[in-house]
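1. quick one, what's the 3D model for this:
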Amino acid sequence: MSTQKKIAVYPGTFDPVTNGHLDIMKRSLKMFDKLIVAVAHNPDKKPAFSIERRMEFIQKSTVGWENIKVDHFENLLTDYMKTVEGGVIVRGLRAVTDYEYELQMGLMNRTLDPSIETIFMIPSLDYSFLSSRLIKEIAHLRGDVKGLVPESVLPFLQKERVGD
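-> Residues are numbered from 1 along each chain as shown. Below you'll find the model as predicted:
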């Protein structure tokens with residue numbers, strides 16, 4: 001039997017992290033020896049929060065959780081996976097609309113490095129509709145996002161009124 005640790009990477013922009021993201025993280029920790037939450041720099045997106053702030057949100061939201069690390073990357077995910085010795089990419093699937101994009105990315109990552117597996121997790125029912133984009137839109141329009149994001153994120157959404 002192999003004694004090699006199973007290291008999974010949960011990549012995303014997490015702009016901001018939501019309770020749906022935390023749900024996927026918590027459940028992933030039950031399946032893997034270590035989970036690395038990797039905040040991505042995506043030049044195609046214009047994030048409301050800096051990478052450092054997004055990492056801080058995740059770190060504050062996971063205080064006391066064992067075997068979790070928060071990191072960031074700016075290169076290809078498959079290259080990042082090699083640097084952290086990750087063997088599995090964790091991705092969340094909320095709806096059919098996510099599936100096509102995630103399948104394409106999973107197949108591309110497998111083409112780039114066949115040794116890396118991708119698993120798709122469906123969210124808990126309470127979070128199946130949740131996305132960072134919707135959270136930012138609601139916050140911008142001064143709506144209540146309490147219960148949808150970690151408590152540590154709320155003041156920043158209210159203070160900065162994303163998009164103002």
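
2. biggest helix in the protein, by residue count?
-> Using DSSP state H to define each element, the chain has its longest helix at helix 96-112.

3. can I get the CA coordinates of the helix or strand just after it in CSV?
-> Sequence-wise, the next helix or strand downstream of helix 96-112 (DSSP states H and E) is strand 117-121. Taking Å, rounded to 0.1, in the frame of the first residue of the first chain, the C-alpha atoms of strand 117-121 are listed here in CSV:
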residue,chain,number,x,y,z
GLU,A,117,-6.9,13.8,-12.0
THR,A,118,-9.8,16.2,-11.8
ILE,A,119,-12.8,15.5,-9.6
PHE,A,120,-16.1,17.4,-9.7
MET,A,121,-18.1,18.0,-6.6
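
4. what angle separates strand 117-121 from helix 96-112?
-> For strand 117-121 against helix 96-112, the angle by axes from the mean of the first three to the mean of the last three Cα atoms, to 10 degrees is 170 degrees.

5. so what does strand 117-121 touch, helix or strand wise?
-> helix 19-29, strand 88-92, helix 96-112 (3 or more Cβ pairs under 8 Å, 6 or more residues apart in numbering; DSSP states H and E). Quick note: C-beta positions are derived from backbone N, CA and C, even for glycine.

6. I'd like to know which of the ones you listed has the weakest mean confidence.
-> Note on the helices and strands packed on strand 117-121: lowest mean pLDDT is at helix 96-112, with a mean of 91.

7. next, the buried residues of that helix.
-> Within helix 96-112, the residues that count as buried by 16 or more other Cβ atoms under 10 Å are 102, 106, 109.

8. now do the contacts for the nearest residue to S124 once chain neighbours are set aside.
-> Counting by Cβ to Cβ, 6 or more residues apart in numbering, S124 lies nearest to D23, which is 5.0 Å off, once chain neighbours are set aside. Residues near D23 by Cβ atoms under 8 Å, 6 or more residues apart in numbering: 123-124, 126-127.
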